[in-house]
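J.: missing the sequence, but the structure's below:
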């Protein structure tokens with residue numbers, strides 16, 4: 001997998017939340033929300049496609065943002081998430 005490290009910028013990104021978790025766990029769920037994803041996410045997906053990397057970890061889409069227990073646990077693991085990735089895409 002690749003991991004994306006980026007700043008959210010002036011517009012808040014599409015977030016994984018408790019109320020959309022079930023929908024986002026469905027196959028090809030990002031296609032349904034593609035218009036709501038920022039350009040950085042689209043670019044990262046394209047890079048992964050070009051490099052034949054099947055998975056992309058993005059904090060806003062892989063951590064349930066309004067579940068403090070999940071968010072805290074995942075934040076504590078972010079160093080491992082980034083260090084174990086095949087590549088980390090860094091966008092400033």
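T.: That came through, no problem. Predicted model, so just to flag it, every value in this text is computed and none were measured.
J.: quick one, helices of the protein?
T.: For the chain, the helices defined by DSSP state H occupy 21-24, 29-32, 39-51, 59-62, 68-76, 78-84.
J.: ok, and the closest non-adjacent residue to the most centrally placed residue in the chain?
T.: Computing the C-alpha centroid of the chain and ranking residues by C-alpha atoms, centre = their mean puts residue 58 first, at 1.8 Å. Closest residue to residue 58 in three dimensions, ignoring its sequence neighbours and counting by C-beta to C-beta, 6 or more residues apart in numbering: residue 4, at 4.7 Å. Placement of C-beta: from N, CA and C, glycine included.
J.: now the one you found: how far from residue 10?
T.: Between residue 4 and residue 10 the distance is 18 Å, computed by C-beta to C-beta, to the nearest Å.
J.: who has more neighbours, these two?
T.: Neighbour comparison, residue 4 and residue 10: the larger count goes to residue 4, with 25 against 5 (by other C-beta atoms under 10 Å).
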